[in-house]
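In: okay, sequence plus prediction incoming.
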Amino acid sequence: MIEASLAKIRNPKEWDIKMSPSERSNVLLTLRQVALTFSTMPERFGMEGETYYWTNGYHLNIRLYEKLLFSVFDILEEGQFIEEAEEILKLVKLTWSMLGITTSLHHALFAWVLFQQFVATEEAVLLDYAIREVEHVLTAEVYDDKELAYIKSLTCSNFGNGCESRMNLLQSIFLSISSWCDSKMQDYHLYFSQKSSVFEKVLKMGLSTGTRDFIPHGNIQFTGSYPDEIATKKIRNYVQKSLDAACERVSGVTTIGSTEDRMHPLAILASELKFIAEKDLSVYSPVLRRWYPDCAMVSAKKLHQFYGARLKPFIKDITCFTEDVRKVLPAAYELEHCLIKLSSSACKENNIHHDQEFEHYPIAEVSKSIILDWVVAQHERILEWTGRAFDLEGWEPLSSQQKHAASAVEVFRIIEETVDQFFEWSLPMDITHLQALLSIIFHSLDAYLLKVVSQLVDKQSLYPSTPPLTRYKEATLPIVKKKVVVESFIMDGDIYKHLDELTVSKLCIQLNTYRYIQKQVAGLEEGIRKSWVSAASYRIDRYSTERTPRTLEPADVNGESVSELFVATLDCIKDSASHAIRKTSDFLGTKIVFWDMRDSFLSYLYYGGVEGNRLDGVLPQFDKVLNDVCGVIDNTIRDLVVSSIWKASLEGFTWVLLDGGPSRAFSDTDISLIDEDFNMLKELFVADGEGLPRSLVEEQAKSYRQILSLFTLQSESLIKMLMASSEHISTGVNIRKNGLRYMGDAHTLIRVLCHKKDREASRFLKRQYRLPSSSDYDDSAVENSSLGSPFVADILKRSTSSFRWSEKSHSSFRSLRKRFQEATWR
């Protein structure tokens, strides 16, 4: 009767078309009578409110209740609860007596609903709620025998491993959850590589639902601090299967990746395995070791053996440096370092001693000579680029802010690129490798500095020829003046052209370049030291995996031997640059005064008389030169360069006073004017406090002041000083300081007498040294005239410049000792 009635209802054509309303009413009445009969049947377990439908219709009841629980989720955002979720759950609870739901069944079914929604949406918070519901089931109070019998009667059929099994509803729910968790945990390297935060929760759910019988026994601990046998076995199985799957997967990816990226397969494989090891170290092992303490060591050993079997043939075939070697060895070294950290972490966490369970890759032994060969090859490349950059250099500033040479920037770019590549090897290195690196840097920069400095010419070429020594005598009658030819140095045309090409701007750019080199070398040294310390911290100790970067001895990283290497190389480069700055500054000052301003300063100043050719006609050019220099030169060396120009200006003034030739002679009234001119020049360099420090200017002007003061002395005093000077020379006492003019020097004194407008001085020079009178010489022939006196010719010919004398000049004075000593003044 029931089957016939249900068949009519299930047939839409018969139910909707053929049957009349009265016939349909009879069918429903029949079903109602059957249902009333079932509802009056006695309960099976004697539970309060129990009906026949609790057990015989529980499949429908459970499905209905499950659908009701799903109503707590937002239909637009399925991973979120609606605001009225709490109220809905209270309403759903009203159906418990009708559908046969108990508290334990509610928690189990709600956990199942939450878990399904988590799987569908991957919303981690839903998994947290599901775990909490499972906790309620496993920690429930002890139930009476009636409820326990009722739960066991709710049986389900499950199919797995090719056979059917029957279990109660709770077991079926938790088995389904556990099976899903197991499937993910057996390849957790794949499923949780991007969702590591969910890993621990899934593991917790899997262990909770897979290691219990799911029948409330009361006060069961949900998770424990110590591993139990079932959990350890499950996790050991997870680790082994996941590692096997990961290794198999990266092997396939490696083959595809090497074809696309043109990378060596072993380099890609090492990178992939390193990623797995890092995840194990940071994410998986800290969780798994709670139940399986050896998981990290098992993982490290497995990955090490897997890669080692493929690396061994590659290392065996290495004979020289290749691009494949450069990529594979560092990748293998980094992988091994990561695996050792992984293995050591387990030992440290469990406070146990770790025996060497795998043999280290022989990377250090193979890489030492390969790195050295690579460094040597880089040296040749750097020298080639350095030469090419220098040949193209025009000595123009890069910009208004970067006023150094482009070639220096290019040289350091190549060097820094080499240093980066050196430390990118990420291989074990010792001090020999550091020595090789610093050596090629030293030789490369030293070669560049030598090339730049070699552009300077001999500074002695800048000085004018020495004029003849004469005694002052004013011409009274027009006479024929002598034109005496002097054996002067004839400058090579190429040197002359080169001097004109060495403009002030180019020399300033060279000075800035030396300073740039100093700064870059300091920064380069700091970077190399840091990289060396960092490289040392990643060394793999061959004897103990317990050693960490903190336990490395200081001498291993930054000891005396390492510091000595930097002193012998980079410090030498900085010293060489400092020497080049001093030499070029000195050359620049001398060139400005004695070459660029030869006509406007040396030839003009006081020529033919003081009053008509004073310094105020030259000061604008001095001012322009100083402005040009200060506008280009680096601020850190500005004072040094300007000081060199000041020193050269003092030398130029001294030359005018002492080596100015027959056309220059000075009276007592002229000296005060000269002193005024000198003070103007001095103030120009002080520049109202914006130039050189006044103390420095005054200190360097002392020697000039002393020479100028000689012109204010009486001729008799000067002659006595000259005699005293001959006595010092005869006894071997050197009265000159650092080869410069000195007021007690015979060279200086005789020149003061020659340029002094004084009849007594002229008579002394004529009688004692038979010097010709200045009026006998044609002014136009001054620079080409010969030495006027045979008695002092030997002295002047031995001079290395117009005002710096060689040590050999002492001997000429010794040969004249008797003449100086026997001289008398009448």
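Out: Cool, got the structure.

In: so where's the stretch 1-150 of the chain uncertain?
Out: Applying pLDDT under 70 to the stretch 1-150 of the chain flags residues 1, 35, 38-53, 55-57, 141-143.

In: how far out from the middle of the chain is the strand or helix carrying I441?
Out: Taking DSSP states H and E as the criterion, I441 maps to helix 431-453. Distance of helix 431-453 from the chain centroid (Cα atoms, centre = their mean, to the nearest Å) equals 20 Å.

In: flag every buried residue along that helix.
Out: Across helix 431-453, burial judged by 16 or more other Cβ atoms under 10 Å covers 433-445, 448-449, 451-453. In short, each C-beta sits where N, CA and C put it, glycine included.

In: tally of neighbours for G527?
Out: Counted with other Cβ atoms under 10 Å, residues neighbouring G527 total 14.

In: show me what the helix holding I441 is packed against.
Out: Judged by 3 or more Cβ pairs under 8 Å, 6 or more residues apart in numbering; DSSP states H and E, the packing partners of helix 431-453 are helix 363-391, helix 406-424, helix 504-537, helix 560-568, helix 570-591.

In: in a markdown table: those, plus mean pLDDT and distance to W180.
Out: What follows is the helices and strands packed on helix 431-453, written out as a markdown table (pLDDT from 0 to 100; distance: least, Cβ to Cβ, whole Å):
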| stretch | mean pLDDT | distance to W180 |
| --- | --- | --- |
| helix 363-391 | 90 | 43 |
| helix 406-424 | 92 | 44 |
| helix 504-537 | 91 | 43 |
| helix 560-568 | 87 | 58 |
| helix 570-591 | 95 | 63 |
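
In: in whatever helix or strand K647 lives in, what's buried?
Out: With secondary structure defined by DSSP H and E, K647 is part of helix 638-658. Neighbour counts over helix 638-658 (16+ other Cβ under 10 Å) mark 638, 640-658 as buried.

In: give the buried residues for whichever helix or strand comes after it.
Out: Using DSSP H and E, the helix or strand that directly follows helix 638-658 along the chain is helix 668-686. Residues of helix 668-686 classed as buried: D670, I671, L673, I674, D677, F678, L681, K682, L684, F685, V686 (neighbour count, 16+ other Cβ under 10 Å).

In: contact partners for the first one?
Out: Contact analysis of D670 by Cβ atoms under 8 Å, 6 or more residues apart in numbering lists Y606, V610, E611, K757.

In: apply 6 Å and report the result again.
Out: V610 (Cβ atoms under 6 Å, 6 or more residues apart in numbering).

In: report the central residue of the protein.
Out: G527 (5.7 Å; Cα atoms, centre = their mean).

In: now L449: closest residue in space, sequence neighbours ignored.
Out: S576 (5.3 Å; Cβ to Cβ, 6 or more residues apart in numbering).

In: what about the one you found, how many neighbours?
Out: Using other Cβ under 10 Å, S576 is surrounded by 20 other residues.

In: do the same with L60
Out: L60: 11 neighbours (other Cβ under 10 Å).

In: helix/strand/coil for it?
Out: With DSSP: H, G, I helix; E, B strand; the rest coil as the basis, L60 sits in helix.

In: for it, give me its contacts.
Out: L60 neighbours (Cβ under 6 Å, 6+ apart): none.

In: confidence score at L552?
Out: The per-residue pLDDT reported for L552 equals 38.

In: quick check, G100 in contact with W54.
Out: Yes: between G100 and W54 there is a contact under Cβ atoms under 6 Å: 3.2 Å.

In: which helix or which strand is home to the residue found closest to E424 once you drop the neighbours it is linked to in the chain?
Out: Residue nearest to E424 in three dimensions, not counting chain neighbours: P330, with 7.3 Å by Cβ to Cβ, 6+ apart. Assessed by DSSP H and E, P330 sits inside helix 323-350.

In: and the closest residue to L605 other than its chain neighbours, what's its pLDDT?
Out: Ranked by Cβ to Cβ, 6+ apart and with sequence neighbours excluded, the top spatial neighbour of L605 is V656, at 5.1 Å. Per-residue pLDDT puts V656 at 91.

In: I'd like to know how far E526 sits from R310.
Out: 40 Å (Cβ to Cβ, to the nearest Å).

In: between the two, who's got more neighbours?
Out: Counted by other Cβ under 10 Å, E526 and R310 do not tie: R310 has more neighbours, with 15 against 10.

In: still on that earlier bit, list the helices and strands the helix holding P330 packs on?
Out: helix 265-279, helix 295-316, helix 363-391 (3 or more Cβ pairs under 6 Å, 6 or more residues apart in numbering; DSSP states H and E).

In: rerun at 8 Å
Out: By 3+ Cβ pairs under 8 Å, 6+ apart, helix 323-350 packs against helix 265-279, helix 285-288, helix 295-316, helix 363-391.

In: can you give me the mean pLDDT across that helix?
Out: In this model, helix 323-350 has an average pLDDT of 85.

In: C-alpha coordinates for the helix holding K647, PDB please?
Out: C-alpha atoms of helix 638-658 as PDB (Å, rounded to 0.1, in the frame of the first residue of the first chain):
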ATOM      1  CA  ARG A 638      90.500  73.200  -2.300                       C
ATOM      2  CA  ASP A 639      92.800  74.600   0.400                       C
ATOM      3  CA  LEU A 640      95.600  72.300  -0.600                       C
ATOM      4  CA  VAL A 641      95.400  73.300  -4.300                       C
ATOM      5  CA  VAL A 642      95.100  77.100  -3.600                       C
ATOM      6  CA  SER A 643      98.000  76.700  -1.100                       C
ATOM      7  CA  SER A 644     100.100  75.300  -3.900                       C
ATOM      8  CA  ILE A 645      99.200  78.300  -6.100                       C
ATOM      9  CA  TRP A 646     100.100  80.600  -3.200                       C
ATOM     10  CA  LYS A 647     103.500  78.900  -2.800                       C
ATOM     11  CA  ALA A 648     104.100  79.200  -6.500                       C
ATOM     12  CA  SER A 649     103.200  82.900  -6.300                       C
ATOM     13  CA  LEU A 650     105.800  83.300  -3.600                       C
ATOM     14  CA  GLU A 651     108.300  81.600  -5.800                       C
ATOM     15  CA  GLY A 652     107.400  83.800  -8.600                       C
ATOM     16  CA  PHE A 653     107.800  86.900  -6.500                       C
ATOM     17  CA  THR A 654     111.200  85.600  -5.300                       C
ATOM     18  CA  TRP A 655     112.200  85.000  -8.900                       C
ATOM     19  CA  VAL A 656     111.400  88.600  -9.800                       C
ATOM     20  CA  LEU A 657     113.400  89.900  -6.900                       C
ATOM     21  CA  LEU A 658     116.400  87.600  -7.300                       C
END
